[in-house]
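1. Quick one, fold the following:
(chains A and B)
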Amino acid sequence: MSDNPFSLWVYLSQSPLLWLTVTLLTYAATDAVSLKTRRHPLANPVLHSLWIIGAFLLLTGTSYTTYFAGAQFVHFLLGPATVALAVPLYENRRRVAAAVLPMLLALAVGSLTAIVSVVLLARAFGLPRDIILSLAPKSVTAGVAMGISESLHADPSLTAVSVILTGIMGAIIVTPLMNFTGVTDFRGRGFAAGIAAHGIGTARAFQVDEVAGVFAGIAMSLNALVTSLLVPLAVTYLLR
Amino acid sequence: MIASLSLILLCQLVGEVAVRALAVPVPGPVVGLVLLLLLLLARDRFPVLARGPLGDDGVESASRGMLANLSLLFIPAGVGVVQKLDLLAEHGIAILVILAVSVIVTLLATVATFVAASSLLSREEENP
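-> Just a heads-up that it's a prediction; the model follows:
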């Protein structure tokens, strides 16, 4: 044991161990609550982990860079997890193959709606042009969205914020909204979650139903492609 | 377990290399997804492939384990939001309202298109 408890903190707060542990523990706790509430939309583990860890960082005066040095091991798994989507896709291949046409149509409509709605709304609210450009790609996964934002000379960090907020709001709202509309087709419900709320929506879809998760994963992957093509076109037409 | 994880990483690695070599605007992991899917489909045709991670539910159970905790993987990037709250200070409410409305409209438009298209198709199959 060190003679000064503060020096122990200085050591720990700089090591990846502490921040990796904090991330996993917070998720384990928030996920347990989510399970206890039978996956209630408002008990979303991403939402609650964010403010708990965020508050902890602010209270201890820890920079995001220090935190990320530990949490990057979890972040890294996003790539392998995308590859892993091949397994449920393979297991549900007949169902997916039977729905190719509805998926492509829903992809075109959904992707366009996501971009056009946010650009028109932001213009109606009188937001400055660079903010509108940063919000435009908010429905695709953060890495792709930030790339689009960069190519438009917008603000990638604001894009990242809007991507995360969109994902969390979509994940919270999708189940009550779909129950309200009375749609019971989990293929369509999942596909919508993947288009509107990328990976966080897909994670939510997997919590609700495996088929919904598979369709959300496909939607998310396809939307990343379509959105990177559509956003530059849409902003040229809508923001002349 | 380790072999299954290696196979997943290998698919991603090949995906990343292919994307960079061909300079196509597709994320590397998405190419990796397609590769793993092709491997699983090839296994059905050539039973000789059903060994190591591709046999005995290996890569399947590793993938299911990862996807069961997909939410966890978004936390490190998501925490970045908390550090950038000042960006939201000026137009925060407007941005939140815009994103919320856009997400609802997008969910409804997508699911409506999907349901309409699939019911139209199944009706055509019933009376060709």
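2. pLDDT below threshold where in chain B?
-> Residues of chain B meeting the criterion pLDDT under 70: B:25, B:126-128.
3. So which other helices or strands are in contact with the longest helix belonging to chain B?
-> As assigned by DSSP state H, the longest helix anywhere in chain B is helix B:92-126. Contacts defined by 3 or more Cβ pairs under 8 Å, 6 or more residues apart in numbering or on different chains; DSSP states H and E place helix B:92-126 against helix A:100-124, helix A:129-135, helix A:156-181, helix A:186-208. All C-beta spots, glycine's among them, are computed from the backbone N, C-alpha and C.
4. cutoff 10 Å now
-> Using 3 or more Cβ pairs under 10 Å, 6 or more residues apart in numbering or on different chains; DSSP states H and E as the contact definition, the elements that helix B:92-126 packs against are helix A:100-124, helix A:129-135, helix A:156-181, helix A:186-208, helix A:210-238, helix B:85-89.
5. who wins for proximity to A:L78 among those?
-> Distances from A:L78 to each of the helices and strands packed on helix B:92-126 were compared by Cβ to Cβ, and the smallest falls on helix A:186-208, at 7.4 Å.
6. what angle sits between that closest one and helix B:92-126?
-> Orientation note: helix A:186-208 sits at an angle of 130 degrees relative to helix B:92-126 (axes from the mean of the first three to the mean of the last three Cα atoms, to 10 degrees).
7. how near is the residue of chain A found nearest chain B to A:V46?
-> With Cβ to the nearest Cβ, the shortest gap between chain A and chain B falls at A:G54, namely 2.9 Å. In this structure, A:G54 lies at 12 Å from A:V46, with Cβ to Cβ, to the nearest Å as the measure.
8. Mind checking which of these two has more residues around it?
-> A:V46 (26 against 19; other Cβ atoms under 10 Å in any protein chain shown).
9. what residues are shared contacts of A:G54 and A:V46?
-> Contact criterion Cβ atoms under 10 Å, 6 or more residues apart in numbering or on different chains; residues bridging A:G54 and A:V46 by contacting each: B:G78.
10. now the strand or helix carrying A:T23: how far from the chain's centre is it?
-> Counting by DSSP states H and E, the element that carries A:T23 is helix A:16-36. On the basis of Cα atoms, centre = their mean, to the nearest Å, helix A:16-36 sits 18 Å off its chain's mean C-alpha point.
11. got the domain boundaries for chain A?
-> Using automatic domain parsing, the domain parsing of chain A gives A:1-76, A:80-240.
12. Now mean pLDDT too, for those, in TSV please.
-> Output for the domains of chain A, formatted as TSV (pLDDT from 0 to 100):
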stretch	mean pLDDT
domain A:1-76	89
domain A:80-240	89
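13. Quick one: closest of these to B:A42.
-> Closest approach to B:A42 among the domains of chain A (Cβ to Cβ): domain A:80-240, 10.9 Å.
14. Can you give me the end-to-end span of that closest one?
-> Terminal residues of domain A:80-240 lie 40 Å apart, using Cα to Cα, to the nearest Å.
15. how far does that domain sit from the chain's center?
-> The gap between where domain A:80-240 is centred and where its chain is centred comes out at 9 Å by Cα atoms, centre = their mean.
16. B:I95 reaches A:A122, doesn't it?
-> Yes. B:I95 sits in contact with A:A122 when judged by Cβ atoms under 10 Å, with a separation of 8.1 Å.
17. residues touching the closest residue in space to A:M178 that isn't next to it in sequence, list them.
-> Spatial nearest neighbour of A:M178, excluding adjacent residues (Cβ to Cβ, 6 or more residues apart in numbering or on different chains): A:R189 at 4.7 Å. Applying Cβ under 10 Å, 6+ apart to A:R189 gives the contacts A:174-175, A:177-179, A:181, A:183, A:205, A:208-209, A:211-212, A:215-216, B:107, B:110-111, B:114-115.
18. got it, and A:V118?
-> With Cβ under 10 Å, 6+ apart, A:V118 has these contacts: A:132, A:135-139, A:162, A:166, A:234, B:95, B:98-99, B:101-103, B:105-106.
19. What subset of these is buried?
-> Under a neighbour-count criterion of 16 or more other Cβ atoms under 10 Å in any protein chain shown, the subset of the contacts of A:V118 counted as buried comprises A:132, A:135-139, A:162, A:166, A:234, B:95, B:98-99, B:102-103, B:105-106.
20. Nearest residue to the residue nearest in space to the middle of chain A in space, ignoring adjacent ones along the chain?
-> Among the residues of chain A, the one closest to the centroid is A:I200, at 3.6 Å (Cα atoms, centre = their mean). What sits nearest to A:I200 in space, not counting adjacent residues and going by Cβ to Cβ, 6+ apart, is A:G167, at 3.1 Å.
21. So that neighbour sits against A:A205, correct?
-> No. Between A:G167 and A:A205 there is no contact, the gap being 11.8 Å when judged by Cβ under 10 Å.
22. Overlap of the contact sets of those two?
-> A:193, A:197.
23. buried ones in stretch A:113-129?
-> A:113-119, A:121-122, A:127.
24. Check stretch B:71-84 too.
-> Burial within stretch B:71-84, assessed by neighbour count using 16+ other Cβ under 10 Å, is assigned to B:71-83.
25. Most proximal residue of chain B with respect to chain A?
-> The shortest separation between chain B and chain A is 2.9 Å, found at B:V82 (distances taken as Cβ to the nearest Cβ).
26. Just the CA trace of the helix or strand where B:P76 lies, in CSV.
-> Take DSSP H and E as the rule and B:P76 turns out to sit in helix B:75-83. This file holds the C-alpha atoms of helix B:75-83, laid out as CSV (Å, rounded to 0.1, in the frame of the first residue of the first chain):
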residue,chain,number,x,y,z
ILE,B,75,-20.4,3.5,-24.5
PRO,B,76,-16.8,4.7,-25.1
ALA,B,77,-17.7,6.8,-28.1
GLY,B,78,-20.9,7.9,-26.5
VAL,B,79,-19.2,9.3,-23.4
GLY,B,80,-17.4,11.7,-25.7
VAL,B,81,-20.8,13.5,-26.0
VAL,B,82,-20.6,14.5,-22.3
GLN,B,83,-17.3,16.3,-22.9
